[in-house]
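Peer 1: Turn this into a structure:
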Amino acid sequence: MDSLGAADILAHIQRRKADGVAPASINRELALLSAAINHWNREHDANLPNPTRGRKLREPQGCVRWITRAEAAQLIRAAEQARQAPYLASLNALALHTGMRREELLGLEWPRVDLSNGLIYLEAVHTKAAARRGVGLNAIARDAILAFARYRVEHCPAVRWVVCRRDGSRVRSIAMAFNNACARAGISDFHFDDLRHTCAAWLVQAGVPLPQVRDVLAHSTITMTERYAHLAPENVRQPVQVLVEFEEDTSRSGHVANIADRARSVELTLTH
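Peer 2: Below you'll find the model as predicted:
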């Protein structure tokens, strides 16, 4: 480790590129090595060199896949036909209207659902960022929760999982049922996690400020939320209207100046 240098890191990067590994994956490998070196130095009062510093690769901006409200309605109707997954339609609606992650939804327990206050409570152990947070429930999300409650009363009244099978067992995978619903709805290249992106897209398009969208999605930084900024065209369309107003003011000023020039010209003609 003492002999590990920049040349070794660069050689590793080139090898991984030759293997066809994406820059994001290479960066995660470098981050793991960097974290290990920093941990050793901190815990053992050591001074190992960390040649990964400054070696992070530029990552291309990822594509944000989302669907329209009409497509979402088609998807939910298609999900209602999933006989082996009767919970799928309500799950889709809850994801679309809360922005919760798949594991947060599949691991949701009834004691953390507060319908009286319109909230879902997530403890640090339940979230990706390991941070406690509350999730708001709008009318559609509330209806989805009530649908789960009716299902629970009918099939498994003692179960603690919100999303469960008829025998009360926890649902751990929904990929096949979701993909089949997408196929029936005619929606391609779409995954369950894209429901979260769709929630963000709808919020931004509705004019919700990015900091509030960040809070809904529980992003660790506003930078993660800014990838949806382009979905709010008014943010860039409205400011440039100032240029038109300025141009109109300038034109009016020029028009007044032209009138004054013509008036002077007429005056000189009359005096002669």
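Peer 1: May I ask which helix or strand of the chain has the lowest mean pLDDT?
Peer 2: helix 241-271 (a mean of 59; mean pLDDT, DSSP states H and E).
Peer 1: give the contact list for the spatially most central residue of the chain.
Peer 2: In the chain, the residue lying closest to the centroid (CA atoms, centre = their mean) is H197, at 4.3 Å. When contacts are counted by CB atoms under 8 Å, 6 or more residues apart in numbering, H197 touches 64-66, 228. Backbone N, C-alpha and C define where each C-beta goes, glycine included.
Peer 1: What count of nearby residues applies to C182?
Peer 2: 22 (other CB atoms under 10 Å).
Peer 1: Pull the contacting residues for it.
Peer 2: 75, 78, 188, 190.
Peer 1: now swap in S169 and tell me
Peer 2: So S169 contacts nothing (CB under 8 Å, 6+ apart).
Peer 1: okay, it: pLDDT?
Peer 2: The model reports S169 with a pLDDT of 93.
Peer 1: got it, and the one 3 residues further on?
Peer 2: R172 is assigned 92 on the pLDDT scale.
Peer 1: residues in contact with it?
Peer 2: L106.
Peer 1: Provide the secondary structure category for the nearest residue to L119 once chain neighbours are set aside.
Peer 2: Leaving aside its sequence neighbours, L119 sits nearest to G134 (CB to CB, 6 or more residues apart in numbering; 4.9 Å). Recorded secondary structure, G134: strand (DSSP: H, G, I helix; E, B strand; the rest coil).
Peer 1: Give the bridge partners for G134, please.
Peer 2: In this structure, G134 bridges to Y121 when assessed by DSSP bridges.
Peer 1: who touches it in this structure?
Peer 2: The neighbours of G134, taking CB under 8 Å, 6+ apart as the test, are 119-122.
Peer 1: And it, how close does it get to S90?
Peer 2: 20 Å (CB to CB, to the nearest Å).
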